[in-house]
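J.: fold the following, please.
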Amino acid sequence: SNKKSDALFLIVYSSVPMETEAAIENVLQKFDADFIQRNYYAKELQERLRLMKGSEVGSVAPDFELKDAQGNLVKLSSLRGRYVLIDFWASWCGPCRKEIPNVKKICSEYKDKGLQVLGVSIDKDESKWRKAIEEEQLEYLQLWDPSMTTGKLYNYNGIPFIVLIGPDGKINFISQKHLMLLRTLRPATILYLIILPATRFFICISENICYNVFIQEEYPSG
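T.: Sure thing, here's the model as predicted:
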């Protein structure tokens, strides 16, 4: 039966783009449940789907524990009760470095209004991470993720990557485009990210590969 064919699943796995939950679910539902539980690639897709669902807007933000610049371990969940803006970046990522002044501005303007800004670097080299912190004069909390644990948890494979988490620990907003402005649009310090209209942004998928991406959508300023 094709619903239990390892060869057919491997062909589908290798040739069909599966970057969305719908695409993965569409593939998995074409095969028997017992086959999915025993096939290596099917189980890998199931795990990818689980991580996608766990890192989408409205989900409780996946917890992680990483070392800060002082060598202390910090858990994301320890920041519960505040808005947390996470900027995933790296010293070698030019677009990330270009974005830092915007993040610093947001930190300065909103740190006393319930916002905790958190930088998470995926640098492999700790010395380069520390040098970048010094060069950029980063005073907000910085964590180091050399094994890129957060990449799997938050389903990102390129940076810069921005996540806004609410006081209840749930993901409010995700953006892989330029972070431009954070405003208070309503009372009670409810914070929203505003993405200004742009035609291009850069995204890095490795230390040596960055893309200049054309954006067709427009993002209202609120």
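
J.: tell me the confidence at the nearest residue to residue 74 once chain neighbours are set aside?
T.: Nearest residue to residue 74, sequence neighbours excluded (C-beta to C-beta, 6 or more residues apart in numbering): residue 68, at 5.2 Å. C-betas here are computed from N, CA, C, even on glycine. Looking at residue 68, its pLDDT is 97.

J.: ok now the helix of greatest length in the chain, how far from the chain's centre?
T.: Scanning the chain for the longest helix, with DSSP state H as the assignment, gives helix 94-110. When distances are taken as C-alpha atoms, centre = their mean, to the nearest Å, helix 94-110 is centred 16 Å away from the chain's centroid.

J.: give me phi/psi at residue 81?
T.: Note on residue 81: its backbone torsions stand at phi 110, psi -10 [degrees, to the nearest 10].

J.: what residues are up against it?
T.: For residue 81, the contact set (C-beta atoms under 8 Å, 6 or more residues apart in numbering) comprises residue 167.

J.: and residue 141, by the same measure?
T.: Here residue 141 is in contact with 68, 74, 116-119 (criterion: C-beta under 8 Å, 6+ apart).

J.: ok so, going back, mind giving me the packing neighbours of the longest helix of the chain?
T.: Other elements packing on helix 94-110 under the criterion 3 or more C-beta pairs under 8 Å, 6 or more residues apart in numbering; DSSP states H and E are strand 83-89, strand 115-121, helix 126-136, strand 181-186, strand 200-204.
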